[in-house]
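In: what's the 3D shape of this:
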Amino acid sequence: SREINTKTDPHTADGAYKCPLQKSLIHELELREVQFNSVQERGTALVLDRHPAADTIKAYLEEMQSQWSLLLQLTLCLESQVKSITTFHDFFQECRQCNAEMAKCTELLNTVYGQENLSIDDAKRQVSDLHQMQEQLTEFDKQISKLIQTGDEVVPLELRSEVLTSPCRTQCLCTYRTSKEVLQRGKEYDLLDNSNRTKWKVRLLNNEEETVPAICFVIPPPNQDAIAQAERLHVQFEHLHSLWKMRQRSTKHNMILNTVRVIKNWDLRQFMSLDPQRREMFWRTVNEDAEKLITEIGDSTHEMRKLRGELAECNQIFLSLSATAQEEESQRLKSPDQKLVHEVDSFNKRFMDCEQELMSRLTDHLPRDKLGLRNIVEQQKVWESNASELENGVDVLKSTYANLPHKSHIAESKYQAVIQRWDHIRSLSRVYLDRLKGTDSLLTGLEQMRQLVADYEIALVSHDNMSADPDTFRQVHEELQDLDSSIQQQQ
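Out: Numbers count the residues shown, from 1 in each chain. As a prediction, the model looks like this:
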């Protein structure tokens with residue numbers, strides 16, 4: 001019991017809570033069990049042989065059996081106490097270790113991974129390191145979940161050494177016989193006094209008080225310190241996970257943004273010096289990473305909106321360089337007739353986009369207010385500006401076609417088809433512009449008529465009260481006739 005009570009300090013150093021007497025006591029009991037059984041057999045034989053001191057021998061045998069049973073019960077108590085102590089100190093040791101490791105990760109995230117303006121290679125390395133740290137965070141989560149579950153099972157050992165200010169519940173670990181009552185294993189009793197480290201005063205079920213070996217009792221869970229420690233670790237983990245997520249996003253953002261800026265700074269010579277497959281994979285990777293990050297964070301933040309804008313410019317530059325490089329390569333390899341077919345196909349694709357956009361506007365309902373119409377007109381102006389650029393290209397295409405010495409049937413048919421499509425698009429554009437002008441005139445007329453009707457209503461309302469004076473009545477009559485004449489003219 002003294003050994004148990006010296007190991008209940010929650011701040012005991014590592015390994016100090018191991019009970020060194022447990023194994024030696026168990027070993028000694030095993031050795032003495034042979035001697036005990038021998039004495040019991042010999043005494044039983046004497047009693048059966050009706051030895052003159054048979055009654056005395058029987059009394060000694062019963063006392064020995066009682067003491068041996070008590071030793072076995074106390075051994076069970078010792079094993080249970082050692083198990084509780086081991087669980088207690090293992091729990092807090094694991095908590096301290098988990099806390100230290102999370103603190104180390106937090107320091108790394110605040111120092112090493114909190115830097116800005118990293119190079120692409122450094123950013124890639126940090127993204128890889130943060131991915132590995134994510135696996136460590138997953139282990140932290142599992143470990144803390146286990147600690148939270150285990151915390152409900154940790155006994156409050158510190159209460160064994162604290163002086164009680166009021167009775168508390170304690171659980172009996174074995175069947176223990178007293179002069180007043182037999183204490184049952186698993187039953188709970190009121191602990192009244194624990195000032196004696198080896199003997200505790202408890203209140204029995206019959207409300208009488210008795211002093212019993214302290215080793216026979218354990219103060220049952222919960223241990224509020226253990227529960228609070230596990231909860232603190234959970235809160236610490238949530239902060240760590242939030243910090244990790246923020247650093248990971250920031251590092252990915254820096255890596256993607258730096259990569260985008262590298263692509264934007266390419267010129268045609270640098271672009272064509274790269275392997276086509278490698279530059280294509282490079283471009284697709286940065287787009288995939290950017291889209292994943294934007295999807296994860298959302299478009300609501302300023303940084304993500306800026307990144308999307310940078311990415312759009314990057315894609316435009318890359319596609320432009322790619323088209324130019326492809327054009328130069330194809331021009332180098334193609335005949336004049338093939339070059340014309342290629343240009344016609346290129347224009348045809350662009351015309352299809354223009355036609356599709358224009359047809360979509362033609363099928364949409366026109367707005368019924370000036371503001372909506374103004375927005376539509378601004379959009380059409382942008383379309384017309386783009387169409388003007390295409391018009392210049394069409395003129396160059398016509399000149400190229402006219403100067404072509406030999407025209408194949410395919411080149412001629414494709415050229416005629418694309419020119420007809422362009423004329424059809426320009427015709428649709430004029431129709432749409434006429435609709436916009438007509439709508440503008442209609443809306444303007446409607447506003448004028450609304451104002452005119454409002455003026456007439458005001459004038460009519462002003463004549464609600466009729467005067468009995470003949471002169472005044474004639475004057476009102478003349479004004480109403482003038483108003484009616486005006487209405488007839490506006491009809």
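In: any idea how far residue 357 is from the nearest residue to residue 355 once chain neighbours are set aside?
Out: The shortest distance from residue 355 to any non-neighbouring residue, by C-beta to C-beta, 6 or more residues apart in numbering, is to residue 425 (5.2 Å). Placement of C-beta: from N, CA and C, glycine included. As judged by C-beta to C-beta, to the nearest Å, residue 425 and residue 357 stand 10 Å apart.
In: got a pLDDT number for residue 11?
Out: Looking at residue 11, its pLDDT stands at 48.
In: whoops, residue 360 was the one
Out: pLDDT at residue 360 comes out at 81.
In: So, low pLDDT: which residues of the stretch 351-491 of the chain?
Out: Applying pLDDT under 70 to the stretch 351-491 of the chain flags the ranges 456, 459-469, 471-473, 476-477, 479-480, 482-484, 487, 490-491.
In: which stretches of it form helices?
Out: Under the criterion DSSP state H, counting those that start in this stretch, the stretch 351-491 of the chain contains helices at 370-402, 409-461, 470-490.
In: Of those, which is nearest residue 201?
Out: Among the helices of the stretch 351-491 of the chain, the nearest to residue 201 by C-beta to C-beta is helix 370-402 (88.9 Å).
In: any chance of the helices of the stretch 351-491 of the chain in TSV, plus distance to residue 313?
Out: Formatted as TSV, the helices of the stretch 351-491 of the chain follow (distance: least, C-beta to C-beta, whole Å):
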stretch	distance to residue 313
helix 370-402	18
helix 409-461	28
helix 470-490	55
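In: export those helices to JSON lines and tack on distance to residue 133 and mean neighbour count?
Out: Putting those into JSON lines (distance: least, C-beta to C-beta, whole Å; neighbours: other C-beta atoms under 10 Å) gives the following:
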{"stretch": "helix 370-402", "distance to residue 133": "48", "mean neighbour count": "13"}
{"stretch": "helix 409-461", "distance to residue 133": "56", "mean neighbour count": "13"}
{"stretch": "helix 470-490", "distance to residue 133": "79", "mean neighbour count": "11"}
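In: Relative to residue 129, which of the ones you listed is closest?
Out: Comparison of those against residue 129 by C-beta to C-beta identifies helix 370-402 as nearest, at 46.2 Å.
In: by how many degrees do that closest one and helix 409-461 diverge?
Out: Counting by axes from the mean of the first three to the mean of the last three C-alpha atoms, to 10 degrees, helix 370-402 lies at 160 degrees to helix 409-461.
In: So which elements touch helix 370-402?
Out: Contact here means 3 or more C-beta pairs under 8 Å, 6 or more residues apart in numbering; DSSP states H and E; on that basis helix 370-402 packs against helix 336-363, helix 409-461.
In: per-residue pLDDT, the closest residue to residue 180 other than its chain neighbours?
Out: Spatially, and ignoring its direct neighbours in sequence, residue 180 is nearest to residue 208 (5.2 Å; C-beta to C-beta, 6+ apart). Confidence at residue 208, expressed as pLDDT, is 88.
In: Average pLDDT for whichever strand or helix holds residue 241, rounded please.
Out: Applying DSSP states H and E as the criterion places residue 241 in helix 224-264. Average pLDDT, helix 224-264: 88.
In: Let me know how buried the residue nearest to residue 180 is, in neighbour terms.
Out: 12 (other C-beta atoms under 10 Å).
In: Tell me the spacing between it and residue 417.
Out: Distance of residue 208 to residue 417, given as C-beta to C-beta: 111 Å.
In: now swap in residue 107 and tell me
Out: Residue 107 sits at a distance of 68 Å from residue 417 (criterion: C-beta to C-beta).
In: do residue 265 as well
Out: 40 Å.
In: So residue 210: helix, strand or coil?
Out: strand (DSSP: H, G, I helix; E, B strand; the rest coil).
In: Report the beta-bridge partner residues of it.
Out: Going by DSSP bridges, residue 210 is paired in beta bridges with residue 202.
In: That one and residue 193 touch, don't they?
Out: No - Residue 210 lies out of contact with residue 193 (C-beta atoms under 8 Å); the separation is 11.2 Å.
In: Would you check that my belief about residue 357 contacting residue 384 is correct?
Out: No - using C-beta under 8 Å, residue 357 is not in contact with residue 384; the gap is 11.8 Å.
In: how many other residues sit next to the closest residue to residue 162 other than its chain neighbours?
Out: In space, residue 162 comes closest to residue 194 once its chain neighbours are excluded; the distance is 8.0 Å by C-beta to C-beta, 6+ apart. Residue 194 has 22 neighbours, counted by other C-beta under 10 Å.
In: Please report the distance of residue 194 from residue 92.
Out: Distance from residue 194 to residue 92, counting by C-beta to C-beta: 22 Å.
In: repeat for residue 68
Out: Separation of residue 68 from residue 92 (C-beta to C-beta): 37 Å.
In: okay, the two: which has more neighbours?
Out: The residue with more neighbours, out of residue 68 and residue 92, is residue 92; 20 against 16, by other C-beta under 10 Å.
In: average model confidence for the helix or strand hosting the more buried one?
Out: Here residue 92, judged by DSSP H and E, is contained in helix 54-111. Helix 54-111 carries an average pLDDT of 86.
In: re earlier: what's the helix or strand that comes right after the helix holding residue 241 packed up against?
Out: Going down the chain from helix 224-264, the next helix or strand is helix 268-273, by DSSP H and E. The contact analysis (3+ C-beta pairs under 8 Å, 6+ apart) places helix 268-273 against helix 302-333.
In: Report the buried residues of the helix it packs on.
Out: Residues of helix 302-333 classed as buried: 304, 307, 310-311, 314-315, 317-318, 321, 325 (neighbour count, 16 or more other C-beta atoms under 10 Å).
In: Dump these to a markdown table, plus pLDDT and distance to residue 55.
Out: A markdown table is the format used below for those (pLDDT from 0 to 100; distance: C-beta to C-beta, whole Å):
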| residue | pLDDT | distance to residue 55 |
| --- | --- | --- |
| 304 | 83 | 96 |
| 307 | 83 | 99 |
| 310 | 85 | 104 |
| 311 | 86 | 102 |
| 314 | 88 | 106 |
| 315 | 88 | 107 |
| 317 | 87 | 111 |
| 318 | 87 | 108 |
| 321 | 86 | 113 |
| 325 | 83 | 116 |
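In: Throw those into TSV and include distance to residue 111, thanks.
Out: Shown next, in TSV, are the buried residues of helix 302-333 (distance: C-beta to C-beta, whole Å):
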residue	distance to residue 111
304	26
307	25
310	28
311	30
314	31
315	35
317	36
318	36
321	39
325	44
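In: now, among those residues, which is nearest to residue 222?
Out: Nearest member of the buried residues of helix 302-333 to residue 222, counting by C-beta to C-beta, is residue 304, at 45.7 Å.
In: for that closest one, what are its contacts?
Out: For residue 304, the contacting residues are 293-294, 297-298, by C-beta atoms under 8 Å, 6 or more residues apart in numbering.
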